[in-house]
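Undergrad: Below is the sequence, then the predicted model.
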Amino acid sequence: ALASYERALEIKPNHLYALGGIANVALKACDWSKTLKLIGEIRAHIVERTSIVGPFALLAYSDDPALQLNCAQNYLKDRMPTLPPPLWDGTIWRHEKIRLAYLSADFRQHAMAHVMAEQFELHDRARFKVLGFSFGTDDRSDMRRRLVSSFDHFHDVRLKSDYDVAKLVHELQVDIAVDLMGYTRDARPRILAHRPAPIQVNYLGFPGTMGADFIDYVIADRIVLPFDQQPFYTEKIVHLPECYQVMDTKQKSVDHKPTRRQVGLPESGFVYCCFNKNYKITSPVFDVWMRLLRAVDGSVLWLLSDNDGAEKNLRKEAAARGIDPARLLFAGRMPLENHLARHVLADLFLDTLPYNAHTTASDALWTGLPLVTCQGQAFAGRVAASLLNAVGLPELVTHGLEEYEALAFKLATDGSRLQSIRQKLAQNRAKYPLFDANRFRSHLEAAYTTMWEIWQRRESPRSFSVALQPDHQRPPMPRR
């Protein structure tokens with residue numbers, strides 16, 4: 001695949017898609033000889049618009065928010081040179097309940113469903129009518145059945161055109177349409193480009209700007225997206241008061257916990273782990289990890305088995321840094337409940353940069369596994385910091401790779417300190433906001449209600465912060 005894209009560049013130097021294809025393939029294979037070379041080229045191609053780079057792929061290459069905006073706008077302009085006429089003509093209507101629609105291709109066994117399912121169930125039906133619009137596959141899983149039943153009305157629109165889906169959203173007089181996809185795989189932004197609803201929102205699926213005038217708001221928090229980054233977002237920024245990411249607290253668990261031997265780990269020794277997808281692993285972060293393995297005797301690095309090419313290349317890169325490739329262990333995919341159960345066998349989760357752990361970070365914290373992160377410059381690289389603050393562990397947030405490495409080493413060599421962190425995480429899980437689904441629901445609904453009130457007053461969308469709701473008093477947040 002990589003060779004075919006490179007040939008396209010040789011044949012057509014201005015071919016718009018070849019560079020983006022190379023970038024994607026190189027990322028997935030952890031081919032750093034390509035990615036390091038591409039980093040400089042990508043910026044020039046985006047600025048000069050000589051290639052169209054997928055906005056989602058760029059998140060793993062660059063945390064420059066200005067470049068991300070430029071990339072998203074280029075991509076949208078290429079895919080939709082002319083926007084279709086809006087279906088909503090500015091009419092103000094009012095229903096007994098706010099009509100809230102979620103649009104996604106991932107109403108199935110997927111990370112989005114994994115964190116959002118309980119929220120769909122918890123929405124206050126006295127105030128909201130909740131609709132689902134699914135344009136992805138029906139995997140016939142238990143999760144799919146749960147999701148379908150969580151909505152007041154669930155519309156499977158896979159076979160409908162973008163216009164027909166938009167027309168249905170408009171005919172149902174949806175007040176707020178929430179795009180859970182952004183520019184991720186199988187996204188269909190053209191649906192909301194038809195402007196079927198008066199309020200259109202970018203939330204959860206894509207940690208960046210869509211660069212689209214037809215998206216009014218992006219839901220975030222003060223850590224992942226400070227208001228000073230508003231110039232790099234076409235959407236107005238909305239801050240939830242504690243954390244923008246939710247967690248499903250109804251997850252299944254398994255009674256039987258695996259042993260180290262059963263999952264292929266050594267019986268003794270410190271286990272660093274990272275269950276992020278392999279494309280998030282960058283050369284500078286991997287350098288840190290290899291120095292940690294060299295410094296901590298008997299330690300191993302436990303990674304997700306994502307694809308054969310990445311596994312082969314990561315082992316090769318370890319050897320090139322003087323580390324026995326056998327100290328890299330790969331965890332195969334398995335049902336979610338079993339995957340969560342094996343987290344207890346790891347000692348410390350190491351985050352990635354410029355694209356952090358998102359759902360994988362909340363999974364780790366949910367299972368009691370501490371996580372060390374390095375806070376980046378843009379949304380995708382600040383999520384784990386938000387999660388750690390929301391669970392009362394800001395001391396695990398670092399602000400540079402040297403600090404990140406030092407903390408990861410300290411926790412591996414100071415058993416009492418690591419045990420203290422584990423105990424604190426276990427205590428905080430029950431009383432801090434990260435895993436309080438109903439608390440989160442009240443804040444999310446307050447955000448939707450404010451958007452709705454702004455529209456009802458015929459005002460233009462504006463950035464705002466949601467206040468902590470009266471029923472939820474914030475516990476004292478420790479400071480670094």
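TA: Cool, got the structure. Residues are numbered from 1 along each chain as shown.

Undergrad: pLDDT wise, what is Tyr5 at?
TA: Looking at Tyr5, its pLDDT is 46.

Undergrad: Next, Leu407: phi, psi?
TA: For Leu407, the backbone dihedrals (degrees, to the nearest 10) come out as phi -70, psi -40.

Undergrad: Would you check that it makes contact with Val397?
TA: No: contact between Leu407 and Val397 fails when scored by Cβ atoms under 8 Å: they sit 9.4 Å apart. C-beta here means a position set from N, CA and C on the backbone, and glycine is covered the same way.

Undergrad: When the two are compared, which one has more neighbours?
TA: Val397 (24 against 19; other Cβ atoms under 10 Å).

Undergrad: In contact with that one: list those residues for me.
TA: Counting by Cβ atoms under 8 Å, 6 or more residues apart in numbering, Val397 makes contact with Thr373, Gln375, Ala384, Ala385, Leu388, Asn389, Arg480.

Undergrad: Outside of the strand or helix carrying the fifth one itself, list whatever touches it.
TA: It stands for Leu388. Secondary structure assignment for Leu388, by DSSP states H and E: helix 383-390. Contact with helix 383-390 is made by 207, 221, 223-224, 242-245, 351, 356-358, 361-362, 365, 371, 373, 375, 394, 396-397, 432-434, 477, as judged by Cβ under 8 Å, 6+ apart.

Undergrad: Just the buried subset of the residues you listed, please.
TA: By neighbour count, with 16 or more other Cβ atoms under 10 Å, the contacts of helix 383-390 hold 207, 221, 223-224, 242-245, 351, 356-358, 361-362, 365, 371, 373, 375, 396-397, 432-434 as buried.

Undergrad: And the helices in the stretch 251-400 of the chain?
TA: Assigned by DSSP state H, counting those that start in this stretch, the helices in the stretch 251-400 of the chain fall at 283-295, 308-320, 336-342, 359-366, 383-390.

Undergrad: May I have the first one exported as PDB, CA atoms only?
TA: Coordinates of each C-alpha in helix 283-295 appear next as PDB, following Å, rounded to 0.1, in the frame of the first residue of the first chain:
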ATOM      1  CA  SER A 283       9.600   7.700  18.000                       C
ATOM      2  CA  PRO A 284      10.300  10.300  20.800                       C
ATOM      3  CA  VAL A 285       7.900   8.500  23.200                       C
ATOM      4  CA  PHE A 286       9.300   5.100  22.300                       C
ATOM      5  CA  ASP A 287      12.800   6.400  23.000                       C
ATOM      6  CA  VAL A 288      11.600   7.200  26.600                       C
ATOM      7  CA  TRP A 289      10.100   3.700  27.000                       C
ATOM      8  CA  MET A 290      13.300   2.000  25.900                       C
ATOM      9  CA  ARG A 291      15.400   4.100  28.300                       C
ATOM     10  CA  LEU A 292      12.900   3.000  31.100                       C
ATOM     11  CA  LEU A 293      13.300  -0.700  30.200                       C
ATOM     12  CA  ARG A 294      17.100  -0.200  30.300                       C
ATOM     13  CA  ALA A 295      16.900   1.500  33.700                       C
END
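
Undergrad: what comes up buried for it?
TA: Within helix 283-295, the residues scored as buried using 16+ other Cβ under 10 Å are Val285, Phe286, Val288, Trp289, Met290, Arg291, Leu292, Leu293.

Undergrad: Can you give me the neighbour number for the residue lying closest to Thr359 once chain neighbours are set aside?
TA: Among residues not flanking Thr359 along the chain, Ala111 sits closest, at 4.3 Å (Cβ to Cβ, 6 or more residues apart in numbering). Using other Cβ under 10 Å, Ala111 has 18 other residues around it.

Undergrad: And Ala111, how close does it get to Leu345?
TA: In this view, Ala111 and Leu345 are 22 Å apart by Cβ to Cβ, to the nearest Å.

Undergrad: same question, Asp186
TA: 33 Å.

Undergrad: With Val169 instead?
TA: Applying Cβ to Cβ to Val169 and Leu345 gives a distance of 46 Å.

Undergrad: Just want to know which of these two has more residues nearby.
TA: More crowded of Val169 and Leu345, by other Cβ under 10 Å: Val169, with 27 against 18.
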